[in-house]
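**Student:** got a structure for you, letters missing:
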DNA sequence: CTGAAAGCGCTTACAG
DNA sequence: CTGAAAGCGCTTACAG
């Protein structure tokens, strides 16, 4: 029964007009105290809840944000979503999920997002090339829908984003290995281009070059079983005394293969991951990793978006969250 | 510009009425071929996309489903969401995420879901007690919103659900350990009550009792660091030669502690997990696990929901997907 | 402080 | 096969 109650019936029961009921809900300060109380009481009695769709149409605000995601199953993405969902709920926003796979046209998907009348968009998709990014940005701008990038690095001063400094993180971890006397340090990255991984690569390369060491980036697919083959064959004839995985799972996979090949970790090879996930705690040896506060990135990005949607002033459009290195047994 | 185009402008440009434009979109068979073509051309030229909110209000169908989740970060949940999102997109449904934490009132959240006018609800939350489940079911029924449970076990013949037979799975894996000669087999479960874990416990207990062995269920929190303490102290003075973790991460955690205590796996203790996640591939020894097709559970549940929303006939309201045991080094 | 009325952008009987 | 009109359930100037 509760959902059948409309604003009209509330008005009737409270002996006021629809306008007043609406005001009680949206601009309570404009309503006299006792009428407000009366209306509120009736609302409670009838279990009235305004129809969000009708409200959305009339006010041209849906209090819904669209979240554009590619692979939900990645630990970092799921964690970010948790942060987003929590803050969204806190500010009474709904979140609509849009998944952008390889086979879906991002621009078409974006048109759909626009058609869905979301008030803002969060982009968690860091596999997009620059042309796509620009199209997304432009389309949303045209439609006056604010956009915030979460854990995506995009080089445009005007696009709000929340992330850590991956370049710096890559630099620091590499530096630590160099200071520990290691020279043949590999960055184990992905074949697929992720904006954040490119930053890690930059920082890594810079640190290596500063010490006159040759940067060596090995790229593997994300798939654990495939990594296995890659690692085993590629590294069989290489000198390696340090390795940084762009993801914990990659780092653990690498450790396992090396251990099986008779290498001792950390004695022979220092290993570090990125993200500080459960993988690094459950692995043996346990994995040193860069802690990336993904939940916070999601939460802060969502909070920033609420401000943009409300046209509040924001002093910082590019937010860099702190990271730190969690030392464990692998390094 | 594209979003500013309304149905009215399309009608104008195509020299037809709004009604006809609407029909072209919703009941094309009722429109003469050449007017249809003309309208379609104009729609394309103007880049028209119907406003989903207006459409939702007028038709009382939002083509949106609500997904009620507690902990998104659990691997099984994220994977299910992937399946849900893919099928939702295939059938042109949007998915709205609602996260039900400990501190949010599920019933209030449900009222909000109803107010959001979703056409159907998917429940991924298997921590709910029976009273809550009944309330959810009743509220949705009242509002004629179909509900499908995904990976949740709820004993009501009238509530559609998709899952595997966890009872059977628990039975089978226990049986295998018993057949391997093990007698002191523990089920390592969670403190928190999950409906699926209760089923695993039932199957485990039955298998033990059938062999006149005493079922022993140890409950740990889900947190890896806490598990460590639990396991170390609890199992220090116990005889154990087999252990089944209700989640892979728990099983791996258990393996690690036992290994460190000098036990050999699988020689001294057979270990199995549940879910067949990456944890079991990256662990050493690698973990035997029950493969639960979580992606498929999500996909099938979403598909079932589309049928219910369309009032299509469904022959099976309770769908049990097959599972199988993936043997690896731990057993 | 409150109400009457227009309007948000669609869909859907109802006529023709 | 097509159009005029009512209506979905709200919000929001505009008067008073």
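**Tutor:** Nice, I can see it. On a predicted model such as this, the values are computed, not experimentally measured, just so you know.

**Student:** helices or strands next to the one helix or strand residue A:207 maps to in the packing?
**Tutor:** Using DSSP states H and E, the element containing residue A:207 is helix A:195-210. Judged by 3 or more CB pairs under 8 Å, 6 or more residues apart in numbering or on different chains; DSSP states H and E, helix A:195-210 is in contact with helix A:166-179, strand A:185-190, strand A:216-220. C-beta here means a position set from N, CA and C on the backbone, and glycine is covered the same way.

**Student:** give me whichever of those is most buried.
**Tutor:** When these are scored by mean count of other CB atoms under 10 Å in any protein chain shown, the highest mean neighbour count falls to strand A:185-190 (a mean of 23).

**Student:** which non-adjacent residue is nearest residue A:133?
**Tutor:** residue A:154 (5.4 Å; CB to CB, 6 or more residues apart in numbering or on different chains).

**Student:** could you verify that that neighbour is part of a helix?
**Tutor:** No: Residue A:154 is assigned coil when assessed by DSSP: H, G, I helix; E, B strand; the rest coil, not a helix.

**Student:** residue contacts, it?
**Tutor:** Contact analysis of residue A:154 by CB atoms under 8 Å, 6 or more residues apart in numbering or on different chains lists A:130, A:133, A:161, A:195.

**Student:** can stretch A:89-105 be said to contact DNA strand D?
**Tutor:** No: Stretch A:89-105 lies out of reach of DNA strand D by CB under 7 Å from any atom of the strand, never closer than 12.4 Å.

**Student:** ok, residues contacting that stretch?
**Tutor:** Here stretch A:89-105 makes contact (CB under 8 Å, 6+ apart) with A:52, A:62-70, A:72, A:84-85, A:88, A:106, A:109, A:112-113, A:116, A:118-119, A:125, A:302-303, A:306, B:64, B:81-82, B:85-86, B:89, B:94-99, B:104, B:116.

**Student:** restrict these to those near DNA strand C?
**Tutor:** Of those, not one also sits near DNA strand C (CB under 7 Å from any atom of the strand).

**Student:** write the ChimeraX selection for whichever of the residues you listed are buried.
**Tutor:** In ChimeraX syntax, the buried subset of the contacts of stretch A:89-105 is picked out as below (16 or more other CB atoms under 10 Å in any protein chain shown):
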select /A:52,62,63,64,65,66,67,68,69,70,72,84,85,88,106,109,112,113,116,118,119,125,302,303,306 /B:64,81,82,85,86,89,94,95,96,97,98,99,116
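
**Student:** narrow the contacts of stretch A:89-105 to those in helices?
**Tutor:** A:52, A:84-85, A:88, A:106, A:109, A:112-113, A:302-303, A:306, B:81-82, B:85-86, B:89 (DSSP state H).

**Student:** relative to DNA strand D, which of those residues is nearest.
**Tutor:** Ranked by distance to DNA strand D (CB to the nearest atom of the strand), the ones in helices among the contacts of stretch A:89-105 are led by residue A:52 at 8.4 Å.

**Student:** from the chain's centroid, how far away is the helix or strand of chain A with the lowest mean pLDDT?
**Tutor:** Lowest by mean pLDDT, DSSP states H and E among the helices and strands of chain A is helix A:224-235, with a mean of 74. Centre-to-centre, helix A:224-235 and its host chain are 28 Å apart (CA atoms, centre = their mean, to the nearest Å).

**Student:** and the next element down the chain from that helix?
**Tutor:** With DSSP H and E, the next secondary element past helix A:224-235 is strand A:242-245.

**Student:** in terms of secondary structure, what does that next one contact?
**Tutor:** Counting by 3+ CB pairs under 8 Å, 6+ apart, strand A:242-245 packs on helix A:166-179, strand A:185-190, helix A:248-260, strand A:270-275.

**Student:** distance check, residue A:310 against residue B:125.
**Tutor:** To residue B:125, residue A:310 is 31 Å away according to CB to CB, to the nearest Å.

**Student:** scratch that, residue A:204 is what I was asking about
**Tutor:** For residue A:204, the distance to residue B:125 - CB to CB - is 42 Å.

**Student:** and if you look at residue A:227?
**Tutor:** Look at residue A:227 and residue B:125: by CB to CB, they are 34 Å apart.

**Student:** still on that earlier bit, between the ones in helices among the contacts of stretch A:89-105, which is nearest residue B:288?
**Tutor:** Nearest to residue B:288 among those, counting by CB to CB, is residue B:82 at 24.6 Å.

**Student:** report the secondary structure state of residue A:44.
**Tutor:** Classified using three-state DSSP, residue A:44 is helix.

**Student:** OK, contacts around it?
**Tutor:** Counting by CB under 8 Å, 6+ apart, residue A:44 has no contacts.

**Student:** tell me the pLDDT at it?
**Tutor:** With respect to pLDDT, residue A:44 scores 92.

**Student:** from residue A:10, how far out is it?
**Tutor:** Computed as CB to CB, the residue A:44 to residue A:10 distance reads 10 Å.

**Student:** model confidence at the residue lying closest to residue A:125 once chain neighbours are set aside, what's the number?
**Tutor:** Once flanking residues are discounted, residue A:125 sits nearest to residue A:70: 4.8 Å by CB to CB, 6+ apart. The per-residue pLDDT reported for residue A:70 equals 87.

**Student:** near DNA strand C, which residues of chain A show up?
**Tutor:** Near DNA strand C, when you scan chain A using CB under 7 Å from any atom of the strand, you find A:15-20, A:23, A:29-32, A:35-36, A:54, A:57-58, A:60.

**Student:** near DNA strand D, list only the ones from the residues you listed.
**Tutor:** A:18, A:19, A:23, A:54, A:57, A:58.

**Student:** please indicate which of those residues are buried?
**Tutor:** Using 16+ other CB under 10 Å, the buried ones in those are A:23, A:54, A:57.

**Student:** spatially nearest residue to the second one, not counting backbone neighbours?
**Tutor:** Okay, so that is residue A:54. Per CB to CB, 6+ apart, closest to residue A:54 is residue B:57, 5.4 Å.

**Student:** who touches the helix or strand containing the one you found?
**Tutor:** Secondary-structure assignment from DSSP H and E places residue B:57 in helix B:52-59. Residues from elsewhere that reach helix B:52-59, judged by CB under 8 Å, 6+ apart: A:51, A:53-54, A:56-57, A:62, A:115-117, B:62-64, B:94, B:117.

**Student:** between those, which is nearest DNA strand C?
**Tutor:** residue A:57 (3.9 Å).

**Student:** the closest one and residue B:169: what is the separation?
**Tutor:** In terms of CB to CB, residue A:57 sits 48 Å off from residue B:169.

**Student:** pop the domain breakdown of chain A in here.
**Tutor:** Domain assignment for chain A by automatic domain parsing gives A:2-50, A:64-164+A:295-322, A:166-291.

**Student:** now do the longest one: distance from first to last residue.
**Tutor:** The first residue of domain A:64-164+A:295-322 is 29 Å away from its last residue (CA to CA, to the nearest Å).

**Student:** and the last one, by the same measure?
**Tutor:** Across domain A:166-291, the straight-line distance between its terminal residues is 11 Å, by CA to CA.

**Student:** how far away from the center of its chain is it?
**Tutor:** On CA atoms, centre = their mean, the centre of domain A:166-291 falls 22 Å from that of its chain.

**Student:** state the distance from the residue in the stretch 201-331 of chain A positioned nearest to DNA strand D to DNA strand C.
**Tutor:** Using CB to the nearest atom of the strand, the single residue of the stretch 201-331 of chain A nearest to DNA strand D is residue A:310, 12.7 Å away. Between residue A:310 and DNA strand C the computed distance is 20 Å (CB to the nearest atom of the strand, to the nearest Å).
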